[in-house]
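# pasting the sequence and the predicted coordinates here, then a few questions.
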Amino acid sequence: MSITGPGSITAANIMAVNNMNDQLNTLSEQLSTGQAAQTYSGLGSQAGVTLALNSQLSAINGYSNTTTTVGTTLSVAQSVLDQLDSSGSTVEQTINQQGAFSLNNNGQTTTQTAAQSQLQQILSLLNTQVGDNYIFSGSAVNQPSVASTDAILNGNGAQAGLTQVISERQQADLGVGGLGRLTVGGAGSNVTLTQDASPFGFKLAGVNSNLTGATVTSSSPPTISLNLGSNPNDGDTVQFSLTLPDGSSQTIALQATSASLPGAGQFSIGATPAATAANLQSALTGVITSLAQTALPAASTIAAANDFFGSNPPLRVNGPPATATGLVAGTAANTVFWYTGESGSTPARQTATAQVGPSTSISYGMRASEQAISTLVANVAALAATTYSASDPNAQASYQALSQKVAANLDGQPGTQSIDDIEADLASAQTTVSNATALNSQTQTTLQDMLQNIDGVNQNQIGEQILTLQNSLSASLAVTARMAQFSLVNYLSPTSG
């Protein structure tokens, strides 16, 4: 037979109180954290699903952080490219609107001084950083993209800058005879025009003659021969086509005249074909000499700038300029390398890639040495680096030839990369980032909702449960306290109860 006494009732009550207290602590923790459990084991059969969902959410959060960083880089890059394009347009407009030719104490026009300021701004923009990364250095984001303006133009110690490279190229293109590496010759009624075998100076592109009785032949080394079988008629013409060092063309047109004093672009018809040929030689020599002092140095400047900025390493004249026969790659010891970023064979966009979604990646790298940018820098720098002498009678014509070439190049050439092309590439990347951002946000919301359904709690319901438990716990504690005051004597006493 079992006897149930006051002690056993108190023990049962204490156990009930402890149980309710544990429940209250659990509910309070759920109310505080908003989670049904603080450990995966507390979720029971849903633990594996929760673990997988949290892993996916963590990955999506990582993609979201990446889209933010990449989006910032792309926005900054687009702003820089807009400013680069604006600088090029400013130089072009300044050339087209320039006034009378006038040189300052440095031997430059106001347009050239303005070009120097624009060059400084362009190079500064190309060294733009986002965070600690140089965005125009390709994959070498920890090193500046370009050298300083002063080093690029004027060199650095033993390293030649653009000014020296231009000077060497101008000397090489002019050559020893002052005719741009051409030789005017012939004997009797024959007139010849020959180019040398070097890559420098004028190159023969052809001849077009309607001189009566004349015969044209070509031979090697490149030589054009014009034999006057008879005297031409008054007004007959001959045109010699030349290619300049920068790839541009120049035509020499000469007209036969019966006047004893020929005008510009004319040669006198002599008493015999031989005398006429001598007059043609003299006129041809005079025109080429003039071009060698005007159009040729302008083309040499552009060619030198293209070799300096468009080649890596930069190219320069090999050996004594006037007699040089070729170009050579500059070295870090003797030539300034204007672009100081990474120069690998990987396409520029591929030098920076990012995963912006579970199945979405983008390429957004850039190099300052890309064609559109290097062409901009080369032409602005060519104008900024060149100086003229006020005592040179050919200075104005040479400057005008250069400035016109720069303006034409800045206007863009068909089939070449433009700043707009780079911006279009980046705009496509920005669209991908924007779409990925929206998709990541949707995925985050979906995953969070799924986790909330598994691990989340209804805080209003939890609050009600806590209130109910607190009331029950208070009542149980009161009963337990009263029962704890009973003794066996009280229990057996006739007056008890």
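Right, received. Where do you want to start?
# hey, let's count contacts and neighbours off CA atoms from now on
Fine.
# ok so residue 252 is a strand residue?
Yes. For residue 252, which was evaluated using DSSP: H, G, I helix; E, B strand; the rest coil, the result is membership in a strand.
# which strand residues bridge it?
Beta-bridge pairing of residue 252 under DSSP bridges involves residue 240.
# residue contacts, it?
When the contact criterion is CA atoms under 8 Å, 6 or more residues apart in numbering, the partners of residue 252 are 239-242, 287.
# quick one: it and residue 196, what's the gap?
When distances are taken as CA to CA, to the nearest Å, residue 252 and residue 196 turn out to be 19 Å apart.
# circling back: format the contacts of residue 252 as JSON lines; extra columns: neighbour count.
Putting the contacts of residue 252 into JSON lines (neighbours: other CA atoms under 10 Å) gives the following:
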{"residue": "239", "neighbour count": "15"}
{"residue": "240", "neighbour count": "18"}
{"residue": "241", "neighbour count": "17"}
{"residue": "242", "neighbour count": "19"}
{"residue": "287", "neighbour count": "17"}
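# format these as a markdown table; extra columns: pLDDT and distance to residue 264.
Conversion of the contacts of residue 252 to a markdown table gives the following (pLDDT from 0 to 100; distance: CA to CA, whole Å):
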| residue | pLDDT | distance to residue 264 |
| --- | --- | --- |
| 239 | 98 | 14 |
| 240 | 98 | 16 |
| 241 | 98 | 18 |
| 242 | 98 | 19 |
| 287 | 98 | 9 |
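# so which of the residues you listed is the closest to residue 435?
Within those, proximity to residue 435 (CA to CA) peaks at residue 242, which comes in at 54.0 Å.
# in a helix, that closest one, correct?
No. With three-state DSSP as the criterion, residue 242 is strand rather than part of a helix.
# surely it meets residue 202?
Yes. Using CA atoms under 8 Å, residue 242 is in contact with residue 202, at 6.1 Å.
# show me where this protein has strands.
In chain order, the chain shows strands spanning 129-130, 133-134, 182-185, 190-195, 203-209, 214-219, 223-228, 237-243, 249-257, 266-268, 315-317, 327-329, 353-357, 360-363, with DSSP state E as the criterion.
# quick one: the ones you listed as a markdown table, columns for distance to residue 303 too.
Converted to a markdown table, those look like this (distance: least, CA to CA, whole Å):
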| stretch | distance to residue 303 |
| --- | --- |
| strand 129-130 | 31 |
| strand 133-134 | 29 |
| strand 182-185 | 18 |
| strand 190-195 | 18 |
| strand 203-209 | 14 |
| strand 214-219 | 27 |
| strand 223-228 | 24 |
| strand 237-243 | 12 |
| strand 249-257 | 13 |
| strand 266-268 | 31 |
| strand 315-317 | 10 |
| strand 327-329 | 12 |
| strand 353-357 | 35 |
| strand 360-363 | 33 |
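# could you measure from the residue lying closest to residue 176 once chain neighbours are set aside over to residue 291?
Distances taken as CA to CA, 6 or more residues apart in numbering put residue 322 closest to residue 176, at 5.6 Å, once the chain neighbours are dropped. Residue 322 sits at a distance of 17 Å from residue 291 (criterion: CA to CA).
# I'd like to know how far the closest residue to residue 396 other than its chain neighbours sits from residue 107.
Of all residues not flanking residue 396 in the chain, residue 101 sits nearest, at 6.5 Å (CA to CA, 6+ apart). Counting by CA to CA, the gap from residue 101 to residue 107 is 11 Å.
# ok, now residue 354?
Per CA to CA, residue 354 is found 50 Å from residue 107.
# those two - which one has more neighbours?
It is residue 354, of residue 354 and residue 107, that has more neighbours when counted by other CA atoms under 10 Å, with 17 against 14.
# correct me, but that one touches residue 65?
No. Using CA under 8 Å as the test, residue 354 is too far from residue 65 to be in contact (11.1 Å).
# burial of residue 76, as a residue count?
The number of residues packed around residue 76, counting by other CA under 10 Å, is 16.
# let me see the contact set for it.
Contacts were defined as CA under 8 Å, 6+ apart; by that measure residue 76 touches residue 130.
# please tell me the pLDDT value assigned to it.
In this model, residue 76 is scored at 98, pLDDT.
# ditto for residue 439
According to the per-residue confidence, residue 439 scores 80 in pLDDT.
# against residue 233, how distant is it?
Using CA to CA, one obtains 80 Å as the distance from residue 439 to residue 233.
# separation between the closest residue to residue 409 other than its chain neighbours and residue 402?
The shortest distance from residue 409 to any residue that is not its chain neighbour, by CA to CA, 6+ apart, is 7.2 Å, and that residue is residue 379. Note on residue 379: its distance to residue 402, by CA to CA, is 10 Å.
# could you do residue 336 as well?
Computed as CA to CA, the residue 336 to residue 402 distance reads 23 Å.
# and if you look at residue 123?
Applying CA to CA to residue 123 and residue 402 gives a distance of 22 Å.
# kindly report the same for residue 435.
Computed as CA to CA, the residue 435 to residue 402 distance reads 47 Å.
# who has more neighbours out of these two?
Applying other CA under 10 Å to residue 435 and residue 402 shows that residue 402 carries more neighbours, namely 25 against 15.
# pull the contacting residues for the closest residue to the more buried one other than its chain neighbours.
Sequence neighbours aside, residue 298 is the residue nearest to residue 402 in space, at 4.5 Å (criterion: CA to CA, 6+ apart). Taking CA under 8 Å, 6+ apart as the contact definition, residue 298 lies against 398-399, 401-402, 405.
# residue 260: which of these is nearest?
Taking CA to CA as the measure, residue 260 lies nearest residue 398 of the contacts of residue 298, at 30.4 Å.
# give me phi/psi at the closest residue in space to that closest one that isn't next to it in sequence?
Residue nearest to residue 398 in three dimensions, not counting chain neighbours: residue 294, with 4.0 Å by CA to CA, 6+ apart. Note on residue 294: backbone dihedrals following degrees, to the nearest 10 are phi -130, psi -70.
# thought residue 126 was touching residue 370?
No. With contacts counted by CA under 8 Å, residue 126 stays clear of residue 370, the gap being 11.5 Å.
# got the angle between the longest helix seen in the chain and strand 353-357?
With secondary structure taken from DSSP state H, the chain has its longest helix at helix 47-96. Angular relation of helix 47-96 and strand 353-357 on a 0 to 180 degree scale: 130 degrees, by axes from the mean of the first three to the mean of the last three CA atoms, to 10 degrees.
# flag the shaky bits of the stretch 201-350 of the chain, pLDDT-wise.
For the stretch 201-350 of the chain, applying pLDDT under 70 flags no range at all.
# quick one: the helices in the stretch 301-450 of the chain?
All helices of the stretch 301-450 of the chain, identified by DSSP state H, counting those that start in this stretch, fall at 371-385, 395-410, 419-455.
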